[in-house]
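Chemist: Provide a 3D model corresponding to the input given below.
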Amino acid sequence: MDVNGDMIFKGKNKYPQGFYFIYHANKIYFEFIMDADQHFNMEMDTVDYVNSIKIKGSEENTVLINYQRFITSQGKIARSIQDNLKKTKNKDSIKILTEKLTKINNEVKSYMDQVINNPPSSFISKFIKATQEVETPEAPVLPDGKKDSLFSFYYYKNHFFDNFDLKDGRMLYTPLFQPKIKQYLENLTSPIPDSLSVASDYLIEKSRESTEMFKYMVYWLTYHYESSKVMGHDAIFVHLVKKYYATHQAYWVDSTQLEKIVQRALTLEPILIGKKAPPIAMMDSVNKPMTLYGIKGKYTVLVFWMKTVDIVRRKSPN
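Modeler: Predicted structure coming up:
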């Protein structure tokens, strides 16, 4: 950046497509889209970049900034109406203000739909769509006349990624990706290894069509569960290694590292929670041979302890 505030980014290779931020002095000045073309110009006042920015050569960034301006202006109006709603107790005023708020919400939704559908394959369209929550239909009525209380949860989970395209590698470079994956695993999946293993496979298979997304998903899930402090999560790590690393699907890992990862999983597998303990054979208190499975009883408790030895450092006579 020169003394006039001009910044030039250039290089031989293209940047990965997605969302980027310009940082300066630990402050986010503005965000923008790195699209397919990557030859564009932006000019703005950092005091208020949304309203001052001028873009040349990038249709997606033009759509983005227009969207931000619209959402910002509608948000200000909506907050003003909400403040008035809190202050008034008049029923007629409440009705009028509520109708105004509904109108604004409908206008915002209509604007978002317009961005999403024009054209639907553009990055900005997919990003705006990914910000929308899945709309859950009304729960069906069961034979006993009651509504299915579990319908909403399972519908929401099964359609959680309807608006988020896991096959599009550009979605990796957004602030939405990591929270979305964590929400699916932590809030929508039963916190047991078997369920989390199935959920991990689901995420990986959904992302397989995108090379970058598939690589990241396999890597992140494997690392996440290997380094987890939650008891039992090592079983998920073992599952992922056996399914994707031992079968050479993680082709980006070199042979030396691959051997270490697979060996780590094979070492952990026999001692996972739920596995049958090895047939330990030791001497009992009267020096009689005893095997673990030779003990007949409803429960067998194994106590492991380490004997400590005090070492006294003696001063050398020399």
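
Chemist: ok, longest helix in the protein?
Modeler: What stands out as the longest helix in the chain, according to DSSP state H, is helix 59-87.

Chemist: which of the residues in it are buried?
Modeler: Under the neighbour-count criterion of 16 or more other Cβ atoms under 10 Å, helix 59-87 has 60, 61, 62, 63, 64, 65, 67, 68, 81 buried. (Each C-beta comes from the backbone N, C-alpha and C, glycine too.)

Chemist: can you tell me the SS state at residue 22?
Modeler: strand (DSSP: H, G, I helix; E, B strand; the rest coil).

Chemist: around it, how many other residues sit close by?
Modeler: With neighbours defined by other Cβ atoms under 10 Å, the count for residue 22 comes to 17.

Chemist: and if you look at residue 265?
Modeler: Residue 265 sits with 20 neighbouring residues when counted by other Cβ under 10 Å.

Chemist: pLDDT on the longest helix of the chain, on average?
Modeler: The average pLDDT for helix 59-87 rounds to 93.

Chemist: can you pull the buried residues of the next helix or strand after that helix?
Modeler: From helix 59-87 onward toward the C-terminus, using DSSP states H and E, the following helix or strand is helix 91-116. Applying a neighbour-count criterion of 16+ other Cβ under 10 Å, one finds 97, 100, 101, 111, 112, 115, 116 buried in helix 91-116.

Chemist: now stretch 162-170
Modeler: 163, 164, 165, 166, 168, 169, 170.

Chemist: if we can go back for a sec, quick one, the longest helix of the chain and helix 91-116 angle?
Modeler: Going by axes from the mean of the first three to the mean of the last three Cα atoms, to 10 degrees, helix 59-87 is angled at 170 degrees with respect to helix 91-116.

Chemist: which helices and strands sit right next to helix 59-87?
Modeler: Secondary-structure packing of helix 59-87 (3 or more Cβ pairs under 8 Å, 6 or more residues apart in numbering; DSSP states H and E): strand 27-34, helix 49-52, strand 54-56, helix 91-116, helix 123-130.

Chemist: the nearest residue to residue 196 once chain neighbours are set aside: which element?
Modeler: Sequence neighbours aside, residue 236 is the residue nearest to residue 196 in space, at 5.2 Å (criterion: Cβ to Cβ, 6 or more residues apart in numbering). Using DSSP H and E, the element containing residue 236 is helix 234-240.

Chemist: contacts for that helix?
Modeler: Counting contacts by Cβ atoms under 8 Å, 6 or more residues apart in numbering, the residues outside helix 234-240 that touch it are 193, 196-197, 200, 218, 221-222, 225-226, 228, 265, 268-269, 272-274.

Chemist: how about a cut-off of 10 Å?
Modeler: Defining contact as Cβ atoms under 10 Å, 6 or more residues apart in numbering, one finds that helix 234-240 is touched by 185, 192-201, 204, 218-219, 221-228, 230, 246, 250, 261, 264-269, 271-275.

Chemist: and what of stretch 150-165?
Modeler: Judged by Cβ under 10 Å, 6+ apart, the contacts made with stretch 150-165 from elsewhere in the structure are 116, 121, 126-140, 142, 148, 167, 171, 174, 176-177, 180-181, 183-184, 187-189, 199, 202-203, 206-207, 209-210, 213.

Chemist: list the buried residues for that stretch?
Modeler: Going by neighbour count (16+ other Cβ under 10 Å), the buried part of stretch 150-165 is 155, 160, 161, 163, 164, 165.

Chemist: export it to CSV, keeping only CA atoms.
Modeler: Coordinates of each C-alpha in stretch 150-165 appear next as CSV, following Å, rounded to 0.1, in the frame of the first residue of the first chain:
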residue,chain,number,x,y,z
LEU,A,150,-40.1,-35.5,16.5
PHE,A,151,-41.0,-34.5,12.9
SER,A,152,-39.6,-31.0,13.1
PHE,A,153,-36.2,-32.1,14.4
TYR,A,154,-35.7,-34.9,11.9
TYR,A,155,-36.9,-32.9,9.0
TYR,A,156,-34.6,-30.0,10.0
LYS,A,157,-31.6,-32.4,10.3
ASN,A,158,-32.3,-34.3,7.0
HIS,A,159,-32.6,-31.0,5.1
PHE,A,160,-29.9,-29.1,7.0
PHE,A,161,-27.7,-28.8,4.0
ASP,A,162,-30.4,-28.1,1.4
ASN,A,163,-29.3,-24.4,1.2
PHE,A,164,-25.6,-25.1,1.7
ASP,A,165,-23.8,-26.7,-1.2
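
Chemist: mean confidence for that stretch?
Modeler: Per-residue pLDDT over stretch 150-165 has a mean of 95.
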